[in-house]
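[1] fold the stuff below for me.
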Amino acid sequence: MRIQRYIAKDMRSALAQVRDAMGPEAVILSSGTIGDQVEVVAAIDVEVAREHAAPRAAPLTQTEATPVRRASSQFSEALVPREQRADVAAPALAAAAASQAVPAHNELAAEVKDMRRMLEAQLATLAWNDMSRRSPLQAAMLKELAQIGITQDLAGSLARKIPAGLSFSAARRFALATIARTVQVTGDRWLETGGRIAFAGPAGAGKTTLLAKLAARWVLRHGPRRVALVSADAVRIGAHEQMHMLGRLLGVTAHTVYDVAELPDLLDALSGQQLVLIDTAGASPKDPDLARRLRMLDQQKSKIETSLVIPASIQAGAIEEAIKLFAVARPTSCVITKVDEAVSLGGVLSALVRHKLPAAYISDGQRVPEDLQPARSHSLVSRAVEIASRNGATADDEVMQRRITGGTHGRR
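    Sure thing, here's the model as predicted:
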């Protein structure tokens, strides 16, 4: 294995040096800064490096190719009688090629895949050991953030920002405070000033329960006037009846529409209401009508705002998929539900930072209206640390090696 260090004025130039010297098969072990320059450590298998360095054979010229083709033709004619060539040669050669090439290709591909996997594991071990030796504080912080569930890309960015000379405790406080400063929140504005909010999210995210909590909180603060509930969920059985029952319990008006395209006319009729809460159908990625409904919500953004409901009980990868799936509606905020069922909040925090999506409220139970709080960034980070500690989350060297190679988005 060949390991080389490159220094350049910026990352683009450093990667260009790696590509020119080692080829496209090179693996980046680590990167950092030295003063105003960028340092990249890369590695490549010795055999691959030799293949990259070996000169390629020049193509035959027309003069050189003619004798070769003539000799090949004469050799074929000597093997097969003229009268049998058309009938035998093509099918026989094709069958032989098909029978021999496919198994050989599959076997070779499997061997290459296994070798690449072993090489990546070895390089990950080298990279992690090298980082632990050269930057023990940075390595310790990466472990700490992995235990909380922060994804590798965000954890790496935070670790690189830690000032030199800090103790581990100070570095930990710096990293957590940086996350808290980066997470955006909206405050309690819906229950203070009202609004027209459509809640969208995956099936089972807790949208209806969330709507009930917000409506109950509004009634306790302002009374049952100037608030309306709308059910736009024509998919779930009993959804409309559930909304009308909630309206009767709270003493507020409840309305139903069978498609989001009907919302503009209903919102015009509810122009006198200060708070309008809209429950939409839960959806899965395979729902063929989801994209249309989300586009309709986006087209009505002048009248309503869309808030994405994210259950904290799902894995970090599923949270990323949900945010990307519902991005068609361009949500302006999110509500984090089922925090009491979560085994980690790191995936949620990482997604909020990455997508710059403000959090409005946190729902952490089924009680109406008690289990609902306005989102506070520092409280979210503290809750993430508390959940990790309660669940005994750990990140050993094997986990860190997988994260360095990009094998995982975060540990749940």
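
[2] only C-alpha atoms for contact and neighbour calcs from this point on.
    Will do.

[3] helices along the stretch 101-250 of the chain, start to end?
    Secondary structure of the stretch 101-250 of the chain (DSSP state H, counting those that start in this stretch): helices at 136-148, 152-161, 168-182, 189-193, 207-222, 239-250.

[4] elements contacting the first one?
    The contact analysis (3 or more Cα pairs under 8 Å, 6 or more residues apart in numbering; DSSP states H and E) places helix 136-148 against helix 90-134, helix 152-161, helix 168-182, helix 377-390.

[5] what angle do it and helix 377-390 make?
    Interaxial angle of helix 136-148 relative to helix 377-390 (axes from the mean of the first three to the mean of the last three Cα atoms, to 10 degrees): 90 degrees.

[6] now the angle between helix 168-182 and helix 136-148, please.
    Going by the same axes, to 10 degrees, helix 136-148 makes 50 degrees with helix 168-182.

[7] which one of the helices of the stretch 101-250 of the chain lies closest to residue 30?
    helix 152-161 (10.7 Å; Cα to Cα).

[8] so which bits of the closest one are buried?
    Of the residues in helix 152-161, 152, 154, 155, 156, 158, 159, 160 count as buried by neighbour count, 16 or more other Cα atoms under 10 Å.

[9] wasn't residue 24 part of a helix?
    No - with DSSP: H, G, I helix; E, B strand; the rest coil as the criterion, residue 24 is located in coil rather than a helix.

[10] pop out the phi and psi values for residue 263.
    phi -60, psi -40 (degrees, to the nearest 10).

[11] now do the same for it: its pLDDT.
    Residue 263 is assigned 88 on the pLDDT scale.

[12] neighbours of it, how many?
    21 (other Cα atoms under 10 Å).

[13] that one is in contact with residue 256, isn't it?
    No - under the criterion of Cα atoms under 8 Å, residue 263 is not in contact with residue 256, lying 9.4 Å apart.

[14] which stretches of the stretch 1-150 of the chain aren't confidently modelled?
    Along the stretch 1-150 of the chain, the model assigns pLDDT under 70 to residues 1, 45-105, 108, 111, 117-134.

[15] identify the residues contacting the nearest residue to residue 282 once chain neighbours are set aside.
    In space, and not counting its chain neighbours, residue 282 is closest to residue 203: 3.9 Å by Cα to Cα, 6 or more residues apart in numbering. Neighbouring residues of residue 203 by Cα atoms under 8 Å, 6 or more residues apart in numbering: 281, 282, 283, 284.

[16] of those, closest to residue 273?
    Nearest to residue 273, judged by Cα to Cα, of those is residue 281 at 22.7 Å.

[17] any idea how far the residue nearest to that closest one when sequence neighbours are not counted is from residue 270?
    Distances taken as Cα to Cα, 6+ apart put residue 233 closest to residue 281, at 4.2 Å, once the chain neighbours are dropped. Applying Cα to Cα, to the nearest Å, the value for residue 233 to residue 270 is 18 Å.

[18] in terms of neighbours, single out the busier of these two.
    Between residue 233 and residue 270, counted using other Cα under 10 Å, residue 233 has the larger neighbour count: 22 against 16.
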